[in-house]
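> got a sequence here, can you build the structure:
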Amino acid sequence: MRFKRVEVRADGVLYRGVLIGADDEDIYIKGALSWIILPLDKVVSVHLEGQRPGLDDKKDIAASFYYPPEDMEEK
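Numbers count the residues shown, from 1 in each chain. Model (predicted):
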């Protein structure tokens, strides 16, 4: 993802820019008007711009959890 346009969510704010790199403490993004330096402990997600992150398989619950198999045939 280096040198590509990314979206970074940190402290409830969505930052957009070109990912330059990261070290042990910070992530570096070149924004439209200035550099953006975010502490890694505040970063929640990083993904390519325009692409939404998929569902986490560990958090995705199948419909069969809520409905018995015989009810699923009707729906």
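
> count of residues packed around Glu7?
19 (other CB atoms under 10 Å). (C-beta placed from N, C-alpha, C; glycine too.)

> list the beta-bridge partners for the residue nearest in space to the middle of the chain.
When CA atoms, centre = their mean is applied to the chain, the residue found nearest the centroid is Ser45 (3.5 Å). Taking DSSP bridges as the rule, Ser45 bridges to Arg9.

> report pLDDT for Lys59.
Here the pLDDT value assigned to Lys59 is 65.

> if I look at Asp11, how far off is Leu40?
Remark: distance between Asp11 and Leu40 (CB to CB, to the nearest Å) = 12 Å.

> tell me where the protein has strands.
Ranges of strands within the chain are 5-10, 13-22, 26-30, 35-39, 43-48, based on DSSP state E.

> possible to save those strands as JSON lines with mean pLDDT?
Output for the strands of the chain, formatted as JSON lines (pLDDT from 0 to 100):
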{"stretch": "strand 5-10", "mean pLDDT": "95"}
{"stretch": "strand 13-22", "mean pLDDT": "96"}
{"stretch": "strand 26-30", "mean pLDDT": "98"}
{"stretch": "strand 35-39", "mean pLDDT": "98"}
{"stretch": "strand 43-48", "mean pLDDT": "94"}
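
> distance to Ile61 added to those, as CSV?
As requested, those are arranged in CSV below (distance: least, CB to CB, whole Å):
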stretch, distance to Ile61
strand 5-10, 23
strand 13-22, 27
strand 26-30, 31
strand 35-39, 32
strand 43-48, 21
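
> quick one, which of these is nearest to Phe65?
With CB to CB as the criterion, Phe65 lies closest to strand 43-48 of those, at 25.6 Å.
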